[in-house]
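Novice: Next come a sequence and a model predicted from it.
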Amino acid sequence: MNNLQQTAHQLHDAGLCVLPAAANGTKRPAIPWKHFQTERPTPEQLTAWFQDGTHHGLGVITGAVSGNLEMLELEGRAVHAGMPAEITALADASGLGDLWRRVTAGYLEFTPSGGIHLLYKVDGPVAGNTKLARRPGPADEHGRPTIEVLAETRGEGGWVVVHPSAGPVHPSGGAWTLVAGGPTTITTVTADERDALHHLLGAFDRMPHPGDPPPAPPA
């Protein structure tokens, strides 16, 4: 059994809905996936999909079909800006340090672009994909303002590519790398704990709010 096949079965045994990932850099499923948003594939299907050389990666559908799985992502730009350390410090200061460490120890992987994926299950319904923290980005080629996402989730009906996917699955050709935990240690949080995680990450949102004064002009 190759590494992809073994991981696919481990994730399946953990209650997740596993599908092959496309080998074209889109980070999308390699097969039509509407049916699998409500019904997991069989172990026999997984074995057939992940025969040697058939696929280069895999992913999971988040939400109810995977046991109320949610993925929390810190984008590479957030990691490069030192946000993980800031999150840990704020979690400790606000009484959420134990929760944050439980989640990060349960399943944490690096993405090819330097971001972080955290997988955890929720004891209760999972919302749809949610942007938790953003910041104003540089103007585009037409001078229009842009928005950069710093942290977001994949929830009900979502999809995420995971370790050990690599090669043509990502535009860079890089790999998803498991750093802590794994399929057997994905933690479960309560709905209140999930909300606390969302609020924790939301504290790092840098988008201006209606009524905020405009930024001062450069000196």
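Specialist: Looks like it arrived, so ask away.

Novice: Break down this structure into its strands, ranges please.
Specialist: Ranges of strands in the chain, per DSSP state E, are 17-20, 58-61, 69-74, 107-110, 116-123, 130-137, 146-154, 159-162, 177-181, 188-190.

Novice: Nearest to Lys27, out of the ones you listed?
Specialist: Nearest to Lys27, of all the strands of the chain, is strand 159-162, at 5.1 Å by Cβ to Cβ. To be clear about C-beta, it is placed using only N, CA and C from the backbone, and glycine gets the same treatment.

Novice: Alpha carbons only: can I get that closest one in CSV?
Specialist: Extracted in CSV, the C-alpha atoms of strand 159-162 (Å, rounded to 0.1, in the frame of the first residue of the first chain):
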residue,chain,number,x,y,z
TRP,A,159,-13.0,21.0,0.4
VAL,A,160,-9.3,21.0,1.4
VAL,A,161,-6.2,19.3,0.0
VAL,A,162,-4.1,17.7,2.7
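
Novice: what packs against that strand?
Specialist: strand 58-61, strand 116-123 (3 or more Cβ pairs under 8 Å, 6 or more residues apart in numbering; DSSP states H and E).

Novice: what sits up against the longest one?
Specialist: So the one you mean is strand 116-123. Applying Cβ atoms under 8 Å, 6 or more residues apart in numbering, the set of residues contacting strand 116-123 from outside is 15, 60, 66-74, 79, 84, 103-104, 106-111, 160, 162, 176, 186-191, 194.

Novice: Can you give me the buried ones in that strand?
Specialist: Buried residues in strand 116-123, counted by 16 or more other Cβ atoms under 10 Å: 116-122.

Novice: Tell me the spacing between Lys27 and Pro168.
Specialist: Computed with Cβ to Cβ, to the nearest Å, the distance linking Lys27 and Pro168 is 11 Å.

Novice: who has more neighbours, the two?
Specialist: Lys27 (18 against 15; other Cβ atoms under 10 Å).

Novice: And the pLDDT for the more buried one?
Specialist: Reported pLDDT at Lys27 in the predicted model: 96.
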